[in-house]
Structures are given as C-alpha cells and as structure tokens.
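# after the sequence you'll find the predicted model.
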Amino acid sequence: MSSDHLPREKSVQHARAAMLAFGLDLPEDLEGPNLGEIDRDSLACLVEVLARHSPDGPRTDCYWAQAGIEDAGRPIPARRGRLEEALAHHDACARPARTVHTRFPAHWWPVEGSWFVLTDWDLSATEVFGPPALIADLLGDAGLDAVRHPGIAEVQGGFAQWREQAR
C-alpha cells in the first residue's frame with residue numbers, strides 16, 4: 001500500500017492511551033479495551049464509520065495483519081477479508097470462547113489504501129489514519145471516545161522532517 005495519499009497529521013486515538021502517554025492516573029470507572037485490544041462496541045462504531053468512507057461500504061475488501069517483529073526470513077503475512085467481517089473475526093478472537101489462535105488484527109486497511117487502522121499493543125490505543133472527512137466523522141461519532149493525535153513530523157520532498165527542522 002502506498003502511503004503517499006494518506007494525510008500525515010490526521011489520526012484518532014483512544015483516550016486511555018492519551019492518558020497513559022501523559023502519565024495520568026486512569027479513573028477506576030474508565031471503560032475501554034484491554035491492553036492491546038479494541039473493544040467490540042468501539043469496533044462496531046469504527047466499522048460503521050469506515051464503511052461510509054470506503055468504496056464498497058461494508059463489502060470493501062481489506063487486508064489485515066498481526067503485529068509482530070518481521071524478519072527477512074519470515075515476513076508477516078497479510079490476509080484478506082471484507083470490512084463487514086471484522087466483528088465476527090473479533091468475536092472469534094475473544095476469550096474465553098476463542099475459536100482461532102490469533103488476536104484481533106493489529107493492522108487493517110482497504111485494498112485501495114484510503115485509510116489505515118492500527119492497534120498499538122504498547123499504548124492500548126487504536127489509531128486511524130485517513131482523509132480529513134473520515135477523521136472528522138470519527139471525532140464526531142458519539143459511540144467513539146476519540147481525540148485528535150498530534151502529528152510529530154512533516155513530509156517534505158518525500159522525507160519526514162521533525163517540526164523543528166521543517167520550519
């Protein structure tokens with residue numbers, strides 16, 4: 001997938017990760033996913049929003065891959081499925097009735113490459129990268145606890161420049 005057409009400063013992040021990133025104590029009543037996983041209700045809302053911004057709606061063909069450290073001898077395979085299959089796959093990965101031997105995919109994106117979703121297992125956040133209309137829709141969805149994640153780099157001449165250097 002080419003990332004040339006993806007905006008560099010447009011993403012959404014779960015509030016739990018933002019609080020952890022800034023060293024804030026988590027409220028005891030804060031509901032949200034377990035570390036490294038997106039909860040089912042948030043996933044359902046996310047899939048609905050992504051479908052509205054995908055060429056074939058819920059039937060959009062997508063790739064997905066597990067998070068892991070890739071080495072040249074054993075690349076991480078990308079698998080293929082439709083966006084509408086995300087909830088069923090999430091259910092198959094959920095404990096205690098897990099029916100597959102993998103966790104829900106950490107990375108998924110449409111074949112045509114207009115957006116990208118990644119769940120950061122270290123920060124317990126799901127981030128979405130895509131066009132401004134998608135990000136605005138995610139931020140405005142009452143079913144999602146989303147915040148804009150500030151960009152840290154600008155792209156100039158095909159290379160990332162830290163903001164201090166980009167000026």
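The structure has been received and is ready for your questions.
# pLDDT weak spots in the chain?
For the chain, the stretches flagged by pLDDT under 70 are 1-24, 26-27, 29-36, 67-73, 75-76, 93-105, 121-124, 149-167.
# which stretches of it form strands?
In the chain, the segments counted as strands under DSSP state E are 11-14, 61-65, 79-82, 107-110, 116-120, 125-129, 146-148, 153-156, 159-162.
# against residue 120, how distant is the residue nearest to residue 54 when sequence neighbours are not counted?
Nearest residue to residue 54, sequence neighbours excluded (C-beta to C-beta, 6 or more residues apart in numbering): residue 60, at 3.9 Å. (Each C-beta comes from the backbone N, C-alpha and C, glycine too.) To residue 120, residue 60 is 23 Å away according to C-beta to C-beta, to the nearest Å.
# what's the answer for residue 81, then?
Taking C-beta to C-beta, one finds residue 81 at 21 Å from residue 120.
# same deal with residue 143?
Relative to residue 120, residue 143 is positioned 21 Å away (C-beta to C-beta).
# between the two, tell me which one has more neighbours.
Legend: neighbour count by other C-beta atoms under 10 Å for residue 143 and residue 120, higher for residue 120 (16 against 12).
# which residues does residue 129 bridge with?
residue 11, residue 116 (DSSP bridges).
# I appreciate the help and will end here.
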